[in-house]
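*Asks:* attaching a predicted model along with its sequence, questions to come.
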Amino acid sequence: MTTELTTLDLLDALADAGLPDRATARRIVDATLAVLGERLTSDESAALSACLAPGLRSVLAASTFDASFDAAELYERVRKRAGVSAGLAREQAQVVVQTIGRAAPDETVRRLARALPPELASLFEPRDAPEVPPPAAPAGTSLATGRPGSRHPVSESAPSRAQQHSVVREDNPHGDTKISSGRPGPTRPIAEGWRQS
């Protein structure tokens, strides 16, 4: 026998999904059930009501079939009724419907799957537990996962001021050819250079 889903169960599910404001959560629960009542026939609505506690059952039963609308229309109607943003209406209505789907008997879920368009019917199907993500790579190890800055910022580095064989790196540049270094003149006299020309 299936345990009846209570308002508290749905409010807790919304809180677990990141909506701690109970007043907003309650408006979304009521709006979602009322809109489902506008989408389901009386027989479908009665089948779904069987897994709901009396307070939720009465919200669903207060609405009657209005039209065969899709998921986008369901979210828009929830948005208007609950007075929340479109994104919040979509996310939280999905949580409400999925929670109801987990509490509903398999036969009820199959019945709704036959009656509703696939996009709406799939909301009632239980979701697998989310996969545990692989361990995160250390921050900044690639261009895609990096953050601004560097482990070795240029401003903190002490790069060499010159190329490897530059005279700037020498303590006594041109020391081997300077007169002051103890060897007079170049290694080849200037006169030899003129004779070869």
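*Replies:* Sure, I can see it.
*Asks:* low-confidence stretches in this protein?
*Replies:* 1-2, 126-170, 173-197 (pLDDT under 70).
*Asks:* run the last query once more with 50
*Replies:* Counting by pLDDT under 50, the ranges of the chain that qualify are 1, 129-132.
*Asks:* can you give me the strands in it?
*Replies:* Applying DSSP state E to the chain gives no strands.
*Asks:* state the distance from Ile28 to Gln98.
*Replies:* The gap separating Ile28 from Gln98 is 13 Å, by C-beta to C-beta, to the nearest Å. For every residue, glycine as well, the C-beta is placed using N, CA and C.
*Asks:* the more surrounded of the two?
*Replies:* Ile28 (28 against 18; other C-beta atoms under 10 Å).
*Asks:* so what's that one up against?
*Replies:* 14, 19, 78, 82, 84, 88-89, 92-93, 96 (C-beta atoms under 8 Å, 6 or more residues apart in numbering).
*Asks:* tell me the one of those residues nearest Glu119?
*Replies:* Ala93 (12.5 Å; C-beta to C-beta).
*Asks:* so who does Ser42 touch?
*Replies:* Contacts for Ser42 (C-beta under 8 Å, 6+ apart) come out as 64-65.
*Asks:* to clarify, my last question referred to Arg77.
*Replies:* If you count contacts by C-beta under 8 Å, 6+ apart, Arg77 has them with 31, 35, 38, 69.
*Asks:* my read: Leu33 touches Leu60, true?
*Replies:* Yes: taking C-beta atoms under 8 Å as the definition, Leu33 is a contact partner of Leu60 at 4.7 Å.
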